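[1] got a structure for you, letters missing:
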């Protein structure tokens, strides 16, 4: 089964206490696609400018990601983000944002993308997310990510979009902010009351929690001794999570969801070990399986 | 086997968004003792004033806690703490502290306490902790808690004390602060390099992580829909954790440690459901076992 992701394709300039990169491939749709590509067929939708070339396509193609729906805007420049992290790697500080071609983005999906069984709406303006949702059949599931900015300035639109999806992934602080409910469990239930069946609360270095109508599951982040760059960790998590679910017949079953949480955490943990897409680009399925087993040992009550 | 705890015995005045209490039994040694009493014989050491009476002893005796080493100071008043929590229940705000009899506390342990196999040094001044450590045989293990205050004003003394214990329990921020190492895994290894074999990083609503030379284990906090008062959660965790270990022949084994983490989390989760010692005072072993099983289901990779 195939999975379509709509989101940003970007060049990032990032400085962390452990190094810097002046221009590297990034964006939510890119990190998501690479992560999901280990488990399912992925199609990526988003705009790029003239500065986006063969080297960038090659990273996606090497992982088998279908780029037919990348819109190449003549005379435009690709979305650009510059940011830095201090020793608290949980918080990204934005120094510069150039929307460029992303400012005029009007998603037009190909027939193949419209017919994909699974859809992920990465963090973009919620009206745009809804427009994409309307174009897609997505007969199995639709997932959504968002951010505090849209909760601030487009809350009603975001709630309307959330009512049309099955899986919501947000930081735990964003779930509280969206629902104005300080207790995470109650806040997650309020999100489910809007429509979704699955809520994932991302918790940065503390991992992630999964809340469904009849269950709760939480997983710590993989304990790394060296985190180089957390950019894209949330999107890599989402890609591993929904990529795995896209390939499961019983995607909504508790075991599928828990395994998906673990695969999401595995890919995110590799993502942050190096800058941008560097580590995930050369990741192998064996490495993924090995770390999945490490997670299993790490969380088992009987050692 | 028996477990001695040295720490504060207090009256607390607490306000949270969900209610308030003007004067209730509290203190690290009290919360610890009650929690540990479900698993092992406990002896509590600490000073109280004339205001500490039969009602307070009754709470401890009802759980079988040995109070022979509570020092009753004639003409003195019991340690008093007043604090409040806002909606972020992870942060306690101190409004008033009256050290009272605790200001002059010179621990003198009975022969029975000196010969106990296991010892817990709750959060008190590190010189005092070391003095107690010196009085005890503690042929199996010594555990220690501390706080940011002592890292600030008595760092060298605290490090010296840590070098004489087996198990360190601290908030994750305190472990980073103590070692000046932002990465938790490296920070925990630095603590182990001082002497201890086990480091537990308490993470508030995110649960707790266990780091040993050859292992890592992490557990989320129990997902509660109503937290009334987090006061004593860390001490209840420590009491459940070390109380369970005190009763295990192989206390340093991975399975013992992981089960102990779970029992600690179980007791802490009950503790915060009501004010002070209210909930744990009437807790039953059946309720503990039921929630232990809920933890097992909640963290199992195969649902």
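    It's in. All figures in this text were calculated on a predicted structure; none of them were measured in a lab.

[2] For the most centrally placed residue in chain A, I want the exact helix or strand it lies within.
    With distances taken as C-alpha atoms, centre = their mean, residue A:235 lies nearest the centre of chain A, 2.5 Å away. Residue A:235 belongs to helix A:233-246 when assigned by DSSP states H and E.

[3] ranges for the helices of chain A?
    Counting by DSSP state H, the segments of chain A that form helices are A:28-36, A:54-62, A:111-114, A:126-135, A:148-153, A:155-162, A:172-179, A:184-193, A:233-246, A:254-271, A:278-281, A:285-299.

[4] gap between residue A:5 and residue A:161?
    Distance of residue A:5 to residue A:161, given as C-beta to C-beta, to the nearest Å: 15 Å. From N, CA and C alone the C-beta is placed, and that goes for glycine too.

[5] The two: who's more crowded?
    Remark: of residue A:5 and residue A:161, residue A:5 carries more neighbours, 34 against 27, as counted by other C-beta atoms under 10 Å in any protein chain shown.

[6] Near chain B, which residues of the stretch 151-300 of chain A are found?
    A:182-186, A:203, A:205-207, A:209, A:211, A:215-218, A:220, A:223-227, A:253-255, A:257-259, A:262, A:295-296, A:298-300 (C-beta under 8 Å from any C-beta of the partner chain).

[7] Give me the buried subset of these.
    Buried members of those, counted by 16 or more other C-beta atoms under 10 Å in any protein chain shown: A:183-185, A:203, A:205-207, A:209, A:211, A:216-218, A:220, A:223-224, A:227, A:254, A:257-259, A:262, A:295, A:298-299.

[8] Compute the number of surrounding residues for residue A:201.
    When neighbours are defined as other C-beta under 10 Å, residue A:201 has 25 of them.

[9] Go ahead and confirm it touches residue A:185.
    No - contact criterion C-beta atoms under 8 Å: residue A:201 and residue A:185 do not qualify, at 9.7 Å.

[10] what residues are shared contacts of the two?
    residue A:211 (C-beta atoms under 8 Å, 6 or more residues apart in numbering or on different chains).

[11] circling back: now do the helix holding residue A:235: which elements does it pack against?
    strand A:2-6, helix A:28-36, strand A:118-121, strand A:141-145, strand A:167-171, strand A:198-202, helix A:254-271 (3 or more C-beta pairs under 8 Å, 6 or more residues apart in numbering or on different chains; DSSP states H and E).

[12] Give the bridge partners for residue A:145, please.
    Taking DSSP bridges as the rule, residue A:145 bridges to residue A:169.

[13] what's near enough to touch it?
    Residues in contact with residue A:145 (C-beta under 8 Å, 6+ apart) are A:7, A:28, A:120-123, A:169-170, A:234-235, A:238.

[14] Between all of these, which two are separated the most?
    A:7 and A:170 (14.8 Å; C-beta to C-beta).

[15] Was I right to think residue A:7 contacts residue A:47?
    No - the pair formed by residue A:7 and residue A:47 falls short of the contact definition of C-beta under 8 Å, at 10.6 Å.

[16] neighbour count winner among these two?
    residue A:7 (27 against 22).

[17] for the nearest residue to the more buried one once chain neighbours are set aside, phi and psi?
    In this structure, residue A:7 finds its nearest non-sequential neighbour in residue A:122, 2.6 Å apart by C-beta to C-beta, 6 or more residues apart in numbering or on different chains. The phi and psi values for residue A:122, taken as degrees, to the nearest 10, are phi -70, psi 180.

[18] May I have the beta-bridge partners of residue A:43?
    residue A:4, residue A:66.

[19] Contact partners for the residue of the stretch 1-150 of chain A found nearest chain B?
    Across the stretch 1-150 of chain A, the shortest distance to chain B (C-beta to the nearest C-beta) belongs to residue A:87, at 4.3 Å. The contact partners of residue A:87, by C-beta under 8 Å, 6+ apart, come to A:17, B:182.

[20] gap between it and residue B:180?
    Look at residue A:87 and residue B:180: by C-beta to C-beta, they are 10 Å apart.

[21] what's the answer for residue A:296, then?
    Taking C-beta to C-beta, one finds residue A:296 at 33 Å from residue B:180.

[22] Could you tell me the model confidence score at the closest residue to residue A:299 other than its chain neighbours?
    Spatial nearest neighbour of residue A:299, chain neighbours left out: residue B:299 (5.8 Å); criterion: C-beta to C-beta, 6+ apart. pLDDT recorded at residue B:299 is 91.

[23] wouldn't residue B:299 be in contact with residue A:220 here?
    No - using C-beta under 8 Å, residue B:299 is not in contact with residue A:220, being 9.8 Å away.

[24] Report the set of residues contacting both of those two.
    A:299, B:220.

[25] Spell out which residues of the stretch 1-150 of chain A are next to chain B.
    So the stretch 1-150 of chain A meets chain B at A:87-89 (C-beta under 8 Å from any C-beta).

[26] Recalculate using a threshold of 6 Å.
    Proximity of the stretch 1-150 of chain A to chain B (C-beta under 6 Å from any C-beta of the partner chain) is limited to residues residue A:87.

[27] Give me the below-cutoff pLDDT ranges for the stretch 1-150 of chain A.
    Applying pLDDT under 70 to the stretch 1-150 of chain A flags no residue at all.

[28] Now residue A:10: closest residue in space that isn't a chain neighbour?
    Of all residues not flanking residue A:10 in the chain, residue A:27 sits nearest, at 3.4 Å (C-beta to C-beta, 6+ apart).

[29] let me redo that: residue A:232
    residue A:31 (3.6 Å).

[30] wouldn't the one you found be in contact with residue A:234 here?
    No - here residue A:31 lies out of contact with residue A:234, judged by C-beta atoms under 6 Å, at a distance of 8.2 Å.

[31] who's in contact with the nearest residue to residue A:271 once chain neighbours are set aside?
    Nearest residue to residue A:271, sequence neighbours excluded (C-beta to C-beta, 6+ apart): residue A:236, at 4.0 Å. Contact analysis of residue A:236 by C-beta atoms under 6 Å, 6 or more residues apart in numbering or on different chains lists A:31, A:35, A:267-268, A:271.
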